[in-house]
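Participant: Build me a model from this:
(chains A and B)
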Protein chains: 2
Amino acid sequence: MTELFQEISPADFFYRNRDIAGFTNPSRAIYSTLRELVENSLDSCETYSHLPDIYIRVSQISESEEDPGTYFVRVQDNGCGVPPDMIPPAFGQVLFGSKYKLRQTRGTFGLGGKMAILYGQITTHKPVRIISSTGRGKIHEYELSMDIQHNKPIILKHKKHPNQNKWHGTIIELHTEADYTRAMSKILDYMKQTGIVAPYANLTFVDPKGRLYRSVRATQKMPKPPKETTLHPHGVDVEALKRIIETTTTRTMKDFMKTHFQRVGNTIARRFLDSAGVNHKKNPKRLEPEEIVRLVNAMKTFNDFLAPDASCLSPLGEELLEAGINKEFTPEFVTVHQRRPAAYSGFPFIVEVGIAYGGQIQNTGKTALYRFANKIPLLFDESSDVSWKVVDSLVDWRHYKVPPDAPLAVFVHLCSTKIPYKTVGKEFIADRPDIEREILNAVRETARRLSIFLSKKQHLEREKKRLDVFEEYLPKIASFSAKLAGRKTVPNIKQLLRSVMKYGAEGEREKGN
Amino acid sequence: MTELFQEISPADFFYRNRDIAGFTNPSRAIYSTLRELVENSLDSCETYSHLPDIYIRVSQISESEEDPGTYFVRVQDNGCGVPPDMIPPAFGQVLFGSKYKLRQTRGTFGLGGKMAILYGQITTHKPVRIISSTGRGKIHEYELSMDIQHNKPIILKHKKHPNQNKWHGTIIELHTEADYTRAMSKILDYMKQTGIVAPYANLTFVDPKGRLYRSVRATQKMPKPPKETTLHPHGVDVEALKRIIETTTTRTMKDFMKTHFQRVGNTIARRFLDSAGVNHKKNPKRLEPEEIVRLVNAMKTFNDFLAPDASCLSPLGEELLEAGINKEFTPEFVTVHQRRPAAYSGFPFIVEVGIAYGGQIQNTGKTALYRFANKIPLLFDESSDVSWKVVDSLVDWRHYKVPPDAPLAVFVHLCSTKIPYKTVGKEFIADRPDIEREILNAVRETARRLSIFLSKKQHLEREKKRLDVFEEYLPKIASFSAKLAGRKTVPNIKQLLRSVMKYGAEGEREKGN
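Facilitator: Residues are numbered from 1 along each chain as shown, chains lettered A, B, ... in the order given. Down below sits the predicted model:
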């Protein structure tokens, strides 16, 4: 009659609840597997400014070609590699990784790659093979499986290979159950959109039928790598402050504030401590529990801290985003706008928005929205995303004279040290008011520019129609008049046509000269 | 130049990512705190068939009355209590609990109560107080805090009190930061809807202004408690099978199948093992890795297993759901339909749907949808939920002659040993095809019944109008005719009126008699 209690490991928790990490079924799982591995690869290249070369291969290995079936996945990158002794836990232990820092990375939960490996293991019972080198020393090859109940990697094989060419990078090979047929279109969308938001990357994807998809580098320029940063005082809570106090080597509260918090200098530290009623010389290790709470509340409400430092962020930049859009859509018109850095709850963020018109963009009855967060495309649950709210209901497109059947695409890129995802599967972004406002303003700015382009385009079209009328009838009138006047030569109407043109060179026509 | 790797505890993971568990900000947090504690209390009562008496008090304790501020929360239940030595880990250690079983409970992640305690701690730095008894032995009182970095409870105080009355239940008291003003309407909605889906519970809620909200028990009947169940073969994966093999005491594959899986008897075990090509006498501990994979695939695809056993589920039942709806809305019309048990991926589920019309239901421009899963109301992210998809786009209400301005409410209750939530915060349910189909069929059935009611109602209204006309003019005509005929007494028109009525007693009127 009493309840039985038990402890489960974090690996076990995510094994039981793999749905929340995007591993719902064999179709969603292969999509999530590829995206998580590609995102880790891109992070690994960009953190140290290596131009990414990523190779992805998926092959079906079950005898029948029916789906779901067993597939082999290989992802190779030229990133910074993983130190040899870190390989087993980094790939075989949940909640172990390099993403638990305040830094803009694609991964935020440090979970995706491991979930891909875990899903492969629980569906095929096959180990994962990792080959990696940091470029300094040998190439290490591991075969691993996960002890899910104890959240520990099991090393099945470990080999070392010479590395004369100082190769650096990581190769992951795993077997997994997949429904590739159903996932295919989303996977191809994902590759295409990754090409937009990482136009400096080479992506090669070989699908199970042996078809080759390539997204070729359109620029050698890379955004500067994101930097790790300290907390902003507005982002502090009791736990965070306690941890800093435990490890600090500073001896006075003034030094403490200056050392551990973003953009706090002498003046601001002094003014803040005065307003909070804390002695500048107090040793931070001597703060009483009550004082810690009061300090946290004071930090959250003090309005004179400088805004969070956005220099740690790595936005794409207007030039690169435009290059990415041009590369994939070759539109008739494109404009990109980067907002100035802003902040929510102490975390800096930057919004970049592009609008493209025409070219390979099709009108499908609703505005095409491409969502990106920290340089990854978000493809699921669009209607729950803050950007969809902005594009679908907050912006009045008629105001910008955009007809409902316009071949229009909107690109929204949010980058931040903390993206407010609502799910571990990183499908969509919550509607924090500050973020919503920035996206709205950016979309409005680009829509204004589009509006100017469209009205100019309309003008030109009207002008073209007008000239078409003249061109059609003037020669007839001319030849008729010539006949009537009994002349043999018809007068040259070119001069006349030119005189009715409204826009000099732009209006000039080839035809009829 | 190398990446730093680190391990974090599960408590640390959820501390860093508290957004995904519904602890986004002080307004969302107080809502989540109350719902998680109330849901634990209800689970604790229902598992052992105690009629729930739950008392919830929230008081503001910060000096200023501004929000966000510091609040004190107390939740008391008369549930089964927690064994004394389990209290510290059950309330102070993430991923430790009694919910990690195959059983229909409100909690599924075993996380909510701890997140409430964790959030209180990181915002107020105050310990939590737990007072509990199982009714056998003393009452134990603990003061605890959590060591988040190591995911361990810290016991600050432990007292024992005599328990002469054999009281059983649990009291939780904590301090937390909250924005009650902003959260209030959702909290009251939550209490109201909990009253609908648990009409056998007494809920008493005292808000920070001292206002009392009560949801009084409308019935003494309780649904039978959910039972723990074994896996259905369709819900198996390699990891699950390996774990069963590790702990099984069976010696032959036939016994293994019969003992550890739902609804597998002699005949089915034999037929299944034959079709999978596994010797009936084989010792399960001797299965090779390859054989385990083949066995799992065979289990998933063998079509002759009986459907998952729904007798372990605890649906509300048509009578109780109707009682709940009547209690809160006293509608003009209500109908409830429970579908027969169905299954997805080896998990049994039952859908119950109610439709109510009129009474205290208001038309707000869109159909009011009340969503419940395992007897908890879901209040957030409605538009992402499978029920919303059904009610908003799959059902054509015109087909049922429901006018768009009808005061209509739809109630959807899903119960299952595994609700496919998409977030740890339990906001909405993914659209698994099997679940969607069952909800759709149930809504259609109730809509058909509503349609009959509505057309009868329309008939009656038309009839009423017709009679109104007769009632208005017949007396005039009668008195006019009387005058004309020079008679003193006007003839009795009651007889006449009755003769034009189409629906005997129902159409009979009080007025005019």
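
Participant: Which SSE is immediately downstream of the top helix by length along chain A?
Facilitator: Criterion DSSP state H: the longest helix present in chain A is helix A:433-485. Where DSSP states H and E defines the elements, the next helix or strand beyond helix A:433-485 is helix A:494-500.

Participant: And that following helix, how far out from the chain middle?
Facilitator: Centre-to-centre, helix A:494-500 and its host chain are 52 Å apart (C-alpha atoms, centre = their mean, to the nearest Å).

Participant: Check which helices and strands it sits against.
Facilitator: Helices and strands touching helix A:494-500, by 3 or more C-beta pairs under 8 Å, 6 or more residues apart in numbering or on different chains; DSSP states H and E, are helix A:433-485. Placement of C-beta: from N, CA and C, glycine included.

Participant: just checking, what packs against the helix it packs on?
Facilitator: Short answer (3+ C-beta pairs under 8 Å, 6+ apart): helix A:433-485 packs on strand A:333-338, strand A:342-344, strand A:347-357, helix A:386-389, strand A:408-416, helix A:494-500, helix A:504-507.

Participant: try it again with 6 Å
Facilitator: Packing contacts for helix A:433-485, counted by 3 or more C-beta pairs under 6 Å, 6 or more residues apart in numbering or on different chains; DSSP states H and E, involve strand A:333-338, strand A:342-344, strand A:347-357.

Participant: Specify the angle between that helix and strand A:333-338 in degrees.
Facilitator: Per axes from the mean of the first three to the mean of the last three C-alpha atoms, to 10 degrees, the angle that helix A:433-485 makes with strand A:333-338 is 160 degrees.

Participant: what comes into contact with stretch A:477-484?
Facilitator: A:Val490, A:Pro491, A:Ile493 (C-beta atoms under 6 Å, 6 or more residues apart in numbering or on different chains).

Participant: among the residues you listed, which ones are buried?
Facilitator: Neighbour-count burial (16 or more other C-beta atoms under 10 Å in any protein chain shown) applied to those gives A:Ile493.

Participant: Ramachandran angles for A:Leu42?
Facilitator: phi -60, psi -40 (degrees, to the nearest 10).

Participant: Can you report how many residues lie near the residue lying closest to it once chain neighbours are set aside?
Facilitator: Spatial nearest neighbour of A:Leu42, excluding adjacent residues (C-beta to C-beta, 6 or more residues apart in numbering or on different chains): A:Pro52 at 5.6 Å. Using other C-beta atoms under 10 Å in any protein chain shown, A:Pro52 is surrounded by 23 other residues.

Participant: same thing with A:Ile122?
Facilitator: Quick note: A:Ile122 (other C-beta under 10 Å) scores 23 neighbours.

Participant: residue contacts, it?
Facilitator: Shown in contact with A:Ile122 (C-beta under 6 Å, 6+ apart): B:Asp237, B:Val238, B:Glu239.

Participant: overlap between the residues you listed and the residues near chain A?
Facilitator: B:Asp237, B:Val238, B:Glu239 (C-beta under 6 Å from any C-beta of the partner chain).

Participant: contacting residues around the last one?
Facilitator: Shown here is B:Glu239, whose contacts under the criterion C-beta under 6 Å, 6+ apart are A:Ile122, A:Ile148.

Participant: can you confirm it is in a helix?
Facilitator: Yes - under DSSP: H, G, I helix; E, B strand; the rest coil, B:Glu239 falls within a helix.

Participant: per-residue confidence at it?
Facilitator: Model confidence at B:Glu239, given as pLDDT, is 93.

Participant: Distance of it relative to A:Phe347?
Facilitator: 36 Å (C-beta to C-beta, to the nearest Å).

Participant: Next, count neighbours for the nearest residue to A:Lys186 once chain neighbours are set aside.
Facilitator: Leaving aside its chain neighbours, A:Lys186 sits nearest to A:Tyr31 (5.2 Å; criterion: C-beta to C-beta, 6+ apart). For A:Tyr31, the neighbour count with other C-beta under 10 Å is 26.

Participant: and A:Tyr31, what helix or strand is that in?
Facilitator: Assigned by DSSP H and E, A:Tyr31 falls in helix A:26-46.

Participant: now do A:Glu228
Facilitator: Secondary structure (DSSP H and E) places A:Glu228 outside all helices and strands.

Participant: Surely it is in contact with A:Arg103?
Facilitator: Yes - A:Glu228 lies in contact with A:Arg103 (C-beta atoms under 6 Å); the separation is 4.5 Å.

Participant: neighbour count winner among these two?
Facilitator: Set A:Glu228 next to A:Arg103 and count neighbours by other C-beta under 10 Å: A:Arg103 wins out with 20 against 13.

Participant: That one looks like it's in a strand, true?
Facilitator: No - judged by three-state DSSP, A:Arg103 forms no part of a strand; its state is coil.

Participant: where does chain A dip in pLDDT?
Facilitator: Applying pLDDT under 70 to chain A picks out residues A:1-2, A:500-513.

Participant: residues in it within reach of chain B, list them.
Facilitator: Within chain A, the positions lying close to chain B (C-beta under 6 Å from any C-beta) are A:2-3, A:5-8, A:10, A:13, A:19-20, A:83, A:86, A:95-96, A:98, A:100, A:122, A:125, A:148, A:237-239, A:289, A:292-293, A:384, A:423-424.
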